[in-house]
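J.: just coords:
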């Protein structure tokens, strides 16, 4: 039975316990490289905005609780990103007109995060598994 790359990463971190700094230094940039294609696709899909692509980043976590890659949009730099994303669904969202709670308007959603990242899920998962296998072998695991 094949396991996913993220599952392998979790098992590796759990098995290793406290990860030595030299392994972190080796693992983090390689994982960052794995997610670059998905990040570029997400930024390209949000190119209609001047702030969203600049506020979008790839986060690499090697924490025991939730290791892996994630793409995040800084809500302070681009507060309009979340409503436009609309949980990855097309359609509309509503908001008060210039903050006036007595007057609401509907606006078309423009999902960029889920549609940009979803096509890369399987490839990123395979690449994470390959990176973890290689680093684990170097660390002496079989």
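T.: Noted; the coordinates are in hand. As the structure is a prediction and not an experimental result, all values here were calculated from the model.

J.: Let's verify the residue located most distally from the centre of the chain: helix, strand, or coil?
T.: Relative to the average C-alpha location in the chain, and by CA atoms, centre = their mean, no residue lies farther out than residue 102, which sits at 36.7 Å. Secondary structure for residue 102, judged by DSSP: H, G, I helix; E, B strand; the rest coil, is strand.

J.: State the distance from it to residue 96.
T.: Distance from residue 102 to residue 96, counting by CB to CB, to the nearest Å: 8 Å. In this view, the C-beta of every residue, glycine as well, is placed from N, C-alpha and C.

J.: swap in residue 51?
T.: When distance is defined by CB to CB, residue 51 is 20 Å away from residue 96.

J.: And those two? Which one has more around it.
T.: Between residue 51 and residue 96, residue 51 has the larger neighbour count (other CB atoms under 10 Å), namely 15 against 11.

J.: If I look at the more buried one, what pLDDT would I see?
T.: Looking at residue 51, its pLDDT reads 96.

J.: One more: residue 4?
T.: 75.

J.: I figured it was touching residue 129, is that so?
T.: Yes: here residue 4 reaches residue 129: they are 7.1 Å apart, a contact under CB atoms under 8 Å.

J.: So the two - more neighbours on which side?
T.: Comparing residue 4 with residue 129 by neighbour count (other CB under 10 Å), the higher total belongs to residue 129, at 18 against 15.

J.: got the contact list for the one helix or strand that one maps to?
T.: Counting by DSSP states H and E, the element that carries residue 129 is helix 121-138. Around helix 121-138, the neighbours that count as contacts under CB atoms under 8 Å, 6 or more residues apart in numbering are 3-6, 8-9, 12, 23, 26-27, 30-31, 34-35, 37-38, 68-69.

J.: taking those residues one by one, which sit in strands?
T.: Among those, the subset assigned to strands under DSSP state E consists of 68-69.

J.: Filter the contacts of helix 121-138 down to the buried ones, PyMOL style.
T.: In PyMOL, the members of these classed as buried (16 or more other CB atoms under 10 Å) are selected with the following command:
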select buried, resi 5+6+8+9+12+23+26+27+30+31+34+35+38+68+69
